[in-house]
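Asks: here is a sequence together with a model predicted from it:
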There are 2 protein chains.
Amino acid sequence: MSSSESSPESSSPTLAVTGAGELLQLLRDETPRTRAELAKLTGLARSTVGARVDALLATGLLAPSGEAASTGGRPPVQFAFNPQARVVVGADLGATHGRVALTDLGGKPIGEVAEDVDISAGPDLVLDWLTSRTQRLLDDAGRDASQLIGIGIGLPGPVEHSTGRPMRPPIMPGWDRYDVPAHIRRHFDVPVLVDNDVNIMALGEHATAHPGVEHLLFVKVATGIGAGIINGGVLHRGAVGAAGDLGHVATPHAADVLCTCGNRGCLEAVASGSAISKQLKEIGLDAATSTDIVELARGGNGPAADAIRRAGRTIGEVLATCVSLLNPSVIVIGGSLGLAEGNLIAGVREVVYGRSLPLATGALQIVPAATGEQAGVIGAATMVIQHALTADRVDLAVARRSASSASAS
Amino acid sequence: MSSSESSPESSSPTLAVTGAGELLQLLRDETPRTRAELAKLTGLARSTVGARVDALLATGLLAPSGEAASTGGRPPVQFAFNPQARVVVGADLGATHGRVALTDLGGKPIGEVAEDVDISAGPDLVLDWLTSRTQRLLDDAGRDASQLIGIGIGLPGPVEHSTGRPMRPPIMPGWDRYDVPAHIRRHFDVPVLVDNDVNIMALGEHATAHPGVEHLLFVKVATGIGAGIINGGVLHRGAVGAAGDLGHVATPHAADVLCTCGNRGCLEAVASGSAISKQLKEIGLDAATSTDIVELARGGNGPAADAIRRAGRTIGEVLATCVSLLNPSVIVIGGSLGLAEGNLIAGVREVVYGRSLPLATGALQIVPAATGEQAGVIGAATMVIQHALTADRVDLAVARRSASSASAS
C-alpha cells in the first residue's frame, strides 16, 4: 500500500491508539526485538511502544521469545511475531470448481478442500457451501471461529473490491451486485475481502514464488483469459477494479471473429480454451474443456498442440503491448491451458521477445506459474493477511475480537 | 513512493534522526500546528518532535506562524510550511527546444526561459546551456545557489532514473549512458533527478490539473509518441524505467510500414508527426514538423485534418488495450499534435469508447493536456520536490546544505 493511500489515516488524531500495525510490520520478519529496539527503530515514545506491545501481546500476534543480552540489570524481554496466533480462510471459486484453504498468518495452508461447485447455482447455494467448508476446516484444525481474522474470496468475474460485490459478471447469473461479504458475515463476523480470481492468483504467485519482485504480470489462460498486475509490489486494481481485463482486447489477426461480449476480434474469442474447443470441433476433434485440449496435446495430437501454440502467439502479441506499457520484470503464465506442456508459453515467448524493444525485454522473465492450483487460495489468504497486518483499522478489529473472545471464555 | 520501497530506510536505526520528512508531510497542507498537535498526530515522543521541528526551523522549511489559543499559561507557538524557503529548477529538453523554470517548493514558477536547443549537439553543450540558464534564473530572482534544493531534468529518450543516465536514446547522439547528474553537479552540488520527457509531463499534468486522481495515463503525440503512467498516485517507471514506451507497439492496420527501430507496424511509424509528414509529402503537401501539420489543418486543409484524425483512431486502438489493462480514470492527450484543434483527441475518443468494455470506460475521461508547454518544467520540479520532501535521506541533504551555508555566511 502506498503511503499516499494511507495518509488520511496517518493524519487522523487516533493514530497513536490504532497504530500497532507499524510495530507488527517491523516484527513480521520474525526477528525478536526488545521494547527499546522498537522505540529506537520507530522513533516512537517508549510509553507508546509499551502500550502497543501490550496490545499485541494480548492478541497473541506477538509473543515473548527469550531475553536479549543484558547491558546490566534485569535482561530485557524480546518479542517476535507469532504466525500461528490466528488463522485465515482463502477461497477460490471458479466456473465449476471451488477450493477453500485454512492458512496461518504467514499464508501457509493448514487444511484444504476442493470440490465441484457450479458458480451458476447462484450466490446463496455457493456461499453456503463456502461457509460450511470453512467451519469444517476450522473444526478439523481444532481452531475456534474466534481465531479467524478474515476470509478472502476470489470469483470468476469483475468485482468491485471496495464493496465485495460482483459487477455484471458474464458467467455468474444471480450474482450481479450481490453483497458477498454480508452473506458470509451472517456466519462469520470477520472482514471479508473479495476480488476476481486472476487478481488473487497474481497475489498468490507474487507472495509465494516472486516475493521481491516489484513489477509482475500474471496471465491466466483457461476457459477465459485475464491478467493480474503487481505494480510497485502491490496489486493494481485500477479506477473501478477493472484492470487486467485482457480477454476483450482486440487482436490483429481475428477482426472477424464474434466474441460473447458483442465486439469482434477479442483475444478471448480466438486464443482461450473455449475458442480452441470451437476450432478443434470444426476439424472433428472433441475437446469440450481446457483440460480436454491439454490432454489431447499431451497425447500427441498435432492439431491440438498447434492450436495451443498459436493461442500462445496471439496472447504474446497482446502481452508485447503490455510489456511496452508497463515494463514488468516477470510475466507469469498460469491457468490450465497456460501450464500446458510448455506449448503455450513457447508461443508467448516467441512473440514477446521478438516484438518488444530490447530495453524492456533485456531482463524480462516469462515463466510458468509455480503455485499451480493453490495460487488462488494462497492469494486470497494473502489479501486478507496484508490487509489485516497493514491497515491500522483492521489491527484494532483483531484486538477487539480477541478481547471479546477472552471475556467469553 | 510506496511504503514498501522506503521500508529499508524505515527500518534503519537512524530513522529517528532523519525522519523530519514525516512532520513535513503533515505540514505541507500549510495548516499551522503546534508541537503538541504534531506529537499527537504522529505518536512520536515530544522530544523527537521538538528536535525535528528545530531542524526544520533551521532550514527555513518550517516557519513560526502565530500562536495557538492558550489552554492556560504561555500560548504555544504554531508552525507552518514555507514554500518560499527554497527553490527548485525544472528543465524540459526536447529534440530541438529547451525550457528551464525556477519554482518555489509548491511547484509554482518564479522565472522561466525557453530557447532553441539542439539535443544532438551532445551533453556537454546542452548541459552547459542548462547550468548557465539556471544561474541566470537564480540571479534574476535574487536567489543564491545555496537555496536550490535540486534540479529535475526531462530528456527526449529512455532514461535509467536511478542513475540519471540516458539508455540508448535514438535521437540523442553522444548521450548514451552519459552521467547527467555528475555533469550538473560540477556547477550545482544538489540532487539531480533525470527522467524521460513524457514522464515529467505526466507528473506536471497530474500535479497541476488532476491532483486527486489515482490512475492517469498521459500520452504525448508529437514527432514521436510516448506515455507516462500515474498508478496509485505515483509515477510508474517499470522494472528498468522503460514503462510507457507506446511508440513501438504494433498496430493492426500497418503491419507493412517499416519503423526506425527496425520492426514493422509500430504506432510511431504510422500515427506520429513524422509519419504524418511522410504521408502528406506523398500527396504533395509540405509539412516538415508537427507544428506545420497542425497549421495546415488549422488553415482548413482537408488531407492534413484527416491525417490527424486517422492518427487519433490508430492511437485509440492502442489506448483501448491500455484501458483494458490499467483501467485509468483519466487519459490526458498532450504534445503538439495531441493538442491540434481537437482532431486527434476526437479520433482517440471514437475508438476507445467504442472498443473498451463499459465497466472500464463508464467513468473514463479523455481530456487534452491543461498545462500546455509548461507541463514538462512543472513536472520536473515536482519530481524534485516530491523526492526532497518525502524521502528522509534528502531531507537531511537539505538540512546539511543549510548548515554549511549558514556556517559560511
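Replies: That came through, no problem.

Asks: which element is A:A63 on?
Replies: strand A:62-67 (DSSP states H and E).

Asks: check which element follows that strand along the chain.
Replies: Per DSSP H and E, the first helix or strand lying C-terminal to strand A:62-67 is strand A:77-81.

Asks: show me what counts as buried in the strand holding A:A63.
Replies: Applying a neighbour-count criterion of 16 or more other Cβ atoms under 10 Å in any protein chain shown, one finds A:L62 buried in strand A:62-67. C-beta coordinates here come from the backbone N, C-alpha and C atoms, glycine included.

Asks: elements contacting it?
Replies: Contacts defined by 3 or more Cβ pairs under 8 Å, 6 or more residues apart in numbering or on different chains; DSSP states H and E place strand A:62-67 against helix A:20-27, helix A:46-59, strand A:77-81.

Asks: beta partners for the closest residue to A:S272 other than its chain neighbours?
Replies: Of all residues not flanking A:S272 in the chain, A:I225 sits nearest, at 5.1 Å (Cβ to Cβ, 6 or more residues apart in numbering or on different chains). Listed by DSSP bridges, the beta-bridge partners for A:I225 are A:V221.

Asks: how about A:I225, what does it touch?
Replies: A:V219, A:L246, A:G247, A:L267, A:E268, A:A271, A:S272, A:I315, A:G335 (Cβ atoms under 8 Å, 6 or more residues apart in numbering or on different chains).

Asks: tabulate those residues (JSON lines), appending secondary structure.
Replies: As requested, those are arranged in JSON lines below (DSSP: H, G, I helix; E, B strand; the rest coil):
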{"residue": "A:V219", "secondary structure": "strand"}
{"residue": "A:L246", "secondary structure": "helix"}
{"residue": "A:G247", "secondary structure": "helix"}
{"residue": "A:L267", "secondary structure": "helix"}
{"residue": "A:E268", "secondary structure": "helix"}
{"residue": "A:A271", "secondary structure": "helix"}
{"residue": "A:S272", "secondary structure": "coil"}
{"residue": "A:I315", "secondary structure": "helix"}
{"residue": "A:G335", "secondary structure": "coil"}
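
Asks: pick out the most distant pair among those residues.
Replies: A:L267 and A:G335 (13.2 Å; Cβ to Cβ).

Asks: on that earlier part again, now do the strand holding A:A63, average pLDDT.
Replies: The average pLDDT within strand A:62-67 is 79.

Asks: strand partners of that strand, parallel vs antiparallel please.
Replies: Strand A:62-67 is paired, per DSSP bridges, with strand A:77-81 (antiparallel).

Asks: what does the partner strand contact?
Replies: A:24, A:27-35, A:53, A:56-57, A:61-68, A:105.

Asks: which parts of stretch A:177-194 are buried?
Replies: A:Y178, A:V180, A:P181, A:H183, A:I184, A:H187, A:F188, A:V190, A:P191, A:V192, A:L193, A:V194.

Asks: my bad, should have said stretch A:360-371
Replies: A:A360, A:T361, A:L364, A:I366, A:A369, A:T371.

Asks: now do the end-to-end distance for that stretch.
Replies: 26 Å (Cα to Cα, to the nearest Å).

Asks: ditto for stretch A:264-281
Replies: 20 Å.

Asks: name the residues of that stretch that are buried.
Replies: Buried, per 16+ other Cβ under 10 Å, within stretch A:264-281: A:265-277, A:279-280.

Asks: what of stretch A:289-305?
Replies: A:T289, A:S290, A:D292, A:I293, A:V294, A:L296, A:A297, A:N301, A:P303, A:A304, A:A305.

Asks: output the residues you listed in a markdown table, with distance to B:A91, pLDDT and secondary structure appended to each entry.
Replies: As requested, the buried residues of stretch A:289-305 are arranged in a markdown table below (distance: Cβ to Cβ, whole Å; pLDDT from 0 to 100; DSSP: H, G, I helix; E, B strand; the rest coil):
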| residue | distance to B:A91 | pLDDT | secondary structure |
| --- | --- | --- | --- |
| A:T289 | 58 | 87 | coil |
| A:S290 | 53 | 88 | helix |
| A:D292 | 60 | 91 | helix |
| A:I293 | 56 | 93 | helix |
| A:V294 | 55 | 91 | helix |
| A:L296 | 60 | 92 | helix |
| A:A297 | 56 | 91 | helix |
| A:N301 | 61 | 92 | coil |
| A:P303 | 59 | 94 | helix |
| A:A304 | 57 | 93 | helix |
| A:A305 | 55 | 93 | helix |
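
Asks: quick check, nearest of these to A:H387?
Replies: A:S290 (31.5 Å).

Asks: what's near enough to touch the closest one?
Replies: Per Cβ under 8 Å, 6+ apart, neighbours of A:S290: A:A222, A:T223, A:G273, A:I276, A:G335, A:S336, A:L337.

Asks: please apply the same query to A:A85.
Replies: Counted by Cβ under 8 Å, 6+ apart, A:A85 has contacts A:T59, A:G60, A:L61, A:A63, A:L105, A:Q147.

Asks: show me chain A divided up by domain.
Replies: A:3-83, A:86-190+A:375-408, A:211-370 (automatic domain parsing).

Asks: which one of the contacts of A:A85 sits in the busiest neighbourhood?
Replies: A:L61 (27 neighbours; other Cβ atoms under 10 Å in any protein chain shown).

Asks: any idea of the mean pLDDT for stretch A:163-177?
Replies: 91.

Asks: is that stretch anywhere near chain B?
Replies: Yes - under the criterion of Cβ under 8 Å from any Cβ of the partner chain, chain B is reached by stretch A:163-177 at A:M167, A:R168.

Asks: report the buried residues of that stretch.
Replies: A:G164, A:R165, A:P166, A:M167, A:P169, A:M172, A:W175.

Asks: hmm, A:A207 and A:A370 touching each other?
Replies: No - look at A:A370 against A:A207 with Cβ atoms under 8 Å: they stay out of range, at 11.1 Å.

Asks: and the pLDDT at the closest residue to A:I308 other than its chain neighbours?
Replies: Nearest-residue entry for A:I308: A:N343, 4.2 Å, with adjacent residues in sequence omitted and distances by Cβ to Cβ, 6+ apart. pLDDT, A:N343: 86.

Asks: same deal with A:V398?
Replies: On the pLDDT scale, A:V398 gets 44.

Asks: ok, A:E5 next?
Replies: For A:E5, pLDDT reads 35.

Asks: cool, and the one 10 residues further on?
Replies: As summarised for this prediction, A:L15 has a pLDDT of 25.

Asks: kindly list the main-chain dihedrals of the residue lying closest to A:D179 once chain neighbours are set aside?
Replies: Distance criterion Cβ to Cβ, 6+ apart; nearest residue to A:D179, sequence neighbours excluded, is A:R165 at 6.0 Å. The phi/psi pair for A:R165 (degrees, to the nearest 10) reads phi -100, psi 130.

Asks: isn't there a strand covering A:H253?
Replies: No - under three-state DSSP, A:H253 falls outside any strand and is assigned coil.

Asks: how about it, what does it touch?
Replies: A:V270, A:T314, A:E317.

Asks: look at the last one and report its pLDDT.
Replies: In this model, A:E317 is scored at 93, pLDDT.

Asks: the first one now?
Replies: According to the predicted model, the pLDDT of A:V270 comes to 93.

Asks: pull the CA atoms of the strand holding A:A63 into CSV?
Replies: C-alpha atoms of strand A:62-67 as CSV (Å, rounded to 0.1, in the frame of the first residue of the first chain):
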residue,chain,number,x,y,z
LEU,A,62,3.2,-11.0,19.4
ALA,A,63,4.8,-13.5,21.8
PRO,A,64,7.8,-13.2,24.2
SER,A,65,10.8,-15.1,22.7
GLY,A,66,13.6,-15.2,25.2
GLU,A,67,15.8,-12.5,26.6
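
Asks: and A:R264, what does it touch?
Replies: Contacts of A:R264 (Cβ under 8 Å, 6+ apart): A:A254, A:A255, A:D256, A:V257, A:L258.

Asks: got a ChimeraX select line for the buried ones in the residues you listed?
Replies: To isolate the buried subset of the contacts of A:R264 in ChimeraX, counting by 16+ other Cβ under 10 Å, use the following:
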select /A:254,257
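
Asks: I appreciate the help and will end here.
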